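Please find the sequence and the predicted model below.
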Amino acid sequence: MSWFKRIKEGITTSTRQKKETPEGLWHKCTNCKKIIPFEDHKKNYFVCSYCDHHERISSNDYINIICEKKSFTELFKEIKSIDPLNFEDKISYSLRLKNATKKSGLDDAIKTGIGKIGNDSICLACMDFEFIGGSMGSVVGEKISRLIDVCIKKRYPLIIISKSGGARMMEAALSLMQLAKTSAKLHKLSENKIPYISLLTDPTFGGATASFSMLGDVNIAEPKALIGFAGPRVVKETIGKDLPKGFQTSEFLLEKGFLDFIVHRKDLKVKIKKLLVFFKN
Amino acid sequence: MQYLEFEKPIEKLVDKLITIEKLNSEGVDTKKTIADLKLKIKNKRNEIYSSLTPWQKVQLSRHPQRPYTLDYILQITNGNFVELHGDRSFKDDKAIVGGWGSIDKKTYMFIGQQKGRNTKERQFRNFGMSNPEGYRKALRLMKMAEKFNKPIVCFIDTPGAYPGLEAEERGQGQAIANNIIEMCKLKTQIICIIIGEGASGGALGIGVGDKILMLENSWYSVISPENCSTILWRSWDFKEKAADSLKLTAENMYNLNLVDEIIKEPLGGAHTFPQKTISTVKKKIQSHYNELSKLSLEELINKRINKFTEMGKFKNKK
């Protein structure tokens, strides 16, 4: 009677048969598909209360989670992307930028600024996957670079929250050089003995992993975040085999020795605070 | 000699020349015809090589007869080279080679990605795609050079860092990131030369230096045109368009201030005249080293860091 068994998981009702519900009232977990009231989900740091799945969230959400209320001041908002190569694929890069801004309401794939954790000021850079896949172009590099200047000048610790598909292809070699640019600045930060905590979230790949994301004094990650250099699809094609379960997850990276620890989103602020105290005292 | 599709007109003329030269050796007087043909070949080369498209340059950068890292090292050092192996923690990566060598009695540390010429060699060298241990070996050698105050020369020629399962397990991203930050602060002169393909983080992993030089028919970008085409157009067929869009040629890179100098190749390309190309590269290494060695180490590193931190294009208006 095997045809009674549901073999495929996650079969969903077609859109036509679905009943309308006002948006924003409910949240459906992208992992276990269970439904919870949105307010509860938000209170739970956008982590599914059934399966503990950490939903991808925006820079603003992270700022609210980590920084004290109303303590965050955004810096370098005026730095914006241009299309230096007149890059064109199916659509032009300029148009892509416009669309991304319109769709996400963001200026670029990163937000930088100064905030407070407890009574201590920190410099925080947080990436947004919503903006062209959190890709790193000249703007991401420049904002991180300038934020590090602030860190050095004010002696504030640096926290970067990575969430990136890698370097931004539409800026080609210019985006590649942001790996060197951010790393060079991190070297300056290190020379000044100012701590840098790198938080890797789902997903962190390519250029981010090959530069600032992996260069923290302490590298931490959220549970089950996908982190790697080459994307899983590329790796799968290269080896011509299915990937082992849990490949490129935070747990995998912790086991292989590339992370210091994994932190649940609800503990994020407390853990960071604790670390900063160790560095300070 | 292997000829690419767009080089076929040259092949025809060269074949003709060979036949006639043979006749000449048999006693037929063909001096004039030979001279004419040689001029024709030169003109044809001029015509073809002065108007190469970016995609044609990509093809040239991968030409199987183009000199590879070890060809450069061996000719530049006149064989006075000792290869050093292993990263001291996992294994010896065959896709990156390195070791001590000397030019006119001056010791240099040479490092570079190595490709293979036939199927067996290519597999042995993993197509010039390094694993994390390759980058770690490179860094070990660079640190040794720093310790003994010797300059470093890096030859870049890779289709990318190897995207394999074990590479991920051993931290490909971390290995590259670590090389980049370490190369920013190495207290010795670093000259990087893109001799063929410069693909993405795999190239930059040994590509941070005081002088970044690029051969005329090499390319450097964040991704190969083929992969770019696959991602953006969902098809392999737009590689030529992708090569245009990526602005990956030496000329583009120089105009964007991302490399310091273009090294001209002989008319006909490095694959046609490898020895001549290599001796030009040798002179460039020497002259750049002489220039760099005049700077104090502090100046050198500050200049290096400033160069890279200034890279990028954006608008900055309130």
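Done, it's in.

Do a quick rundown of the strands in chain A.
Under the criterion DSSP state E, chain A carries strands at the ranges A:26-28, A:35-37, A:73-75, A:79-81, A:110-117, A:120-127, A:158-164, A:196-204, A:218-221, A:261-262.

same deal with chain B?
Taking DSSP E as the criterion, chain B carries its strands at B:81-83, B:96-103, B:106-113, B:152-158, B:190-199, B:211-215, B:219-221, B:261-263, B:314-316.

re earlier: identify whichever of the strands of chain A lies nearest to chain B.
strand A:79-81 (5.2 Å; CB to the nearest CB). Every residue, glycine included, has its C-beta placed from N, CA and C.

So which elements touch the closest one?
In terms of contacts (3 or more CB pairs under 8 Å, 6 or more residues apart in numbering or on different chains; DSSP states H and E), strand A:79-81 is packed against helix A:138-154, strand B:314-316.

Give me the sheet partners of that strand and which way each runs.
In the sheet, strand A:79-81 lines up against strand B:314-316 (antiparallel) (DSSP bridges).

buried sites along the partner strand?
Going by neighbour count (16 or more other CB atoms under 10 Å in any protein chain shown), the buried part of strand B:314-316 is residue B:314.

which residues touch it?
Counting contacts by CB atoms under 8 Å, 6 or more residues apart in numbering or on different chains, the residues outside strand B:314-316 that touch it are A:78-82, A:138-139, A:142.

Could you find which two of these are furthest from each other?
In these, two members sit farther apart than any others by CB to CB. They are A:78 and A:138, at 13.9 Å.

okay, these two: which has more neighbours?
The residue with more neighbours, out of residue A:78 and residue A:138, is residue A:138; 25 against 11, by other CB atoms under 10 Å in any protein chain shown.

sorry, back to before: of the contacts of strand B:314-316, buried ones?
Buried residues within the contacts of strand B:314-316, counting neighbours by 16+ other CB under 10 Å: A:79-82, A:138-139, A:142.

Dump those residues into JSON lines; add pLDDT as well.
Formatted as JSON lines, the entries for these read as follows, by pLDDT from 0 to 100:
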{"residue": "A:79", "pLDDT": "96"}
{"residue": "A:80", "pLDDT": "95"}
{"residue": "A:81", "pLDDT": "96"}
{"residue": "A:82", "pLDDT": "95"}
{"residue": "A:138", "pLDDT": "97"}
{"residue": "A:139", "pLDDT": "97"}
{"residue": "A:142", "pLDDT": "97"}
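
For the residue nearest the centre of chain B, give me its contacts.
Computing the C-alpha centroid of chain B and ranking residues by CA atoms, centre = their mean puts residue B:195 first, at 1.8 Å. Neighbour list for residue B:195: B:66-69, B:72, B:112, B:155-157, B:215, B:218, B:270, B:281 [criterion: CB under 8 Å, 6+ apart].

at 7 Å what do you get?
The contact partners of residue B:195, by CB atoms under 7 Å, 6 or more residues apart in numbering or on different chains, come to B:72, B:155-157, B:215, B:218.

so which two of those residues are the farthest from each other?
Spatial extent of these (CB to CB) is set by the pair B:72 and B:218 at 12.5 Å.

The two - which one has more neighbours?
Legend: neighbour count by other CB under 10 Å for residue B:72 and residue B:218, higher for residue B:218 (30 against 23).

Per-residue pLDDT of that one, please?
Looking at residue B:218, its pLDDT stands at 97.

which of the strands of chain B has the lowest average pLDDT?
Here the strands of chain B differ in mean pLDDT, and the lowest is strand B:314-316 at a mean of 93.

To what extent is the nearest residue to residue B:41 once chain neighbours are set aside buried, counted in neighbours?
Distance criterion CB to CB, 6 or more residues apart in numbering or on different chains; nearest residue to residue B:41, sequence neighbours excluded, is residue B:13 at 4.8 Å. With neighbours defined by other CB under 10 Å, the count for residue B:13 comes to 17.

Residue B:44 is in contact with residue B:13, correct?
Yes: between residue B:13 and residue B:44 there is a contact at 6.0 Å, judged by CB atoms under 7 Å.

what about stretch B:298-312 and chain A, any contact?
Yes: Stretch B:298-312 lies in contact with chain A when judged by CB under 7 Å from any CB of the partner chain; the contacting residues are B:305, B:308-309, B:311-312.

Give the bridge partners for residue B:249, please.
For residue B:249, the beta-bridge assignment (DSSP bridges) gives partners residue B:219.

Around it, count how many other residues there are.
27.

any idea how far it is from residue A:38?
Using CB to CB, to the nearest Å, we find residue B:249 at a distance of 51 Å from residue A:38.

Bridging across strands, which residues link to residue A:79?
For residue A:79, the beta-bridge partners under DSSP bridges are residue B:316.

quick one: contacts for it?
With contacts taken as CB under 7 Å, 6+ apart, residue A:79 has the following neighbours: A:139, A:142-143, B:314, B:316.

redo that, cut-off 10 Å
Each residue near residue A:79 by CB atoms under 10 Å, 6 or more residues apart in numbering or on different chains is listed here: A:107-108, A:110, A:112, A:138-140, A:142-143, A:146, B:312, B:314-317.

just curious, which of those residues is nearest to residue A:223?
Sorting the contacts of residue A:79 by how near they are to residue A:223, with CB to CB, puts residue A:110 at the top with 23.0 Å.

number of nearby residues for that closest one?
The burial count assigned to residue A:110 is 29, neighbours taken as other CB under 10 Å.

hang on, it packs against residue A:145?
No: the pair residue A:110 and residue A:145 does not pass the contact test of CB atoms under 10 Å, sitting 11.2 Å apart.

residue ranges for the helices of the stretch 1-150 of chain B, please.
Using DSSP state H, counting those that start in this stretch, the helices assigned to the stretch 1-150 of chain B run over residues B:8-25, B:31-49, B:54-61, B:69-76, B:119-124, B:132-147.

TSV please, covering the ones you listed and showing mean pLDDT.
Converted to TSV, the helices of the stretch 1-150 of chain B look like this (pLDDT from 0 to 100):
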stretch	mean pLDDT
helix B:8-25	88
helix B:31-49	90
helix B:54-61	96
helix B:69-76	98
helix B:119-124	96
helix B:132-147	98
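
hmm, back to that, out of the contacts of residue B:195, who's nearest residue B:183?
For residue B:183, the nearest member of the contacts of residue B:195 is residue B:156. The distance, counting by CB to CB, is 12.4 Å.

For that closest one, which residues count as its bridge partners?
Residues in a beta bridge with residue B:156, per DSSP bridges, are residue B:194.

can you pull the contacts of it?
When contacts are taken as CB under 10 Å, 6+ apart, residue B:156 is in contact with B:69, B:111-113, B:128, B:192-199, B:202-207, B:212-215, B:218, B:220.

Not counting its neighbours along the chain, what's nearest residue A:252?
With CB to CB, 6+ apart, the residue lying closest to residue A:252 is residue A:246, at 5.3 Å.

Write out the residues of the stretch 1-150 of chain B neighbouring chain A.
Neighbours of chain A within the stretch 1-150 of chain B, by CB under 10 Å from any CB of the partner chain: B:129, B:132, B:135.

Using ChimeraX, define a selection of the buried residues within the residues you listed.
The following ChimeraX selection, which keeps only the buried ones among the residues of the stretch 1-150 of chain B next to chain A, applies the criterion 16+ other CB under 10 Å:
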select /B:129,132,135
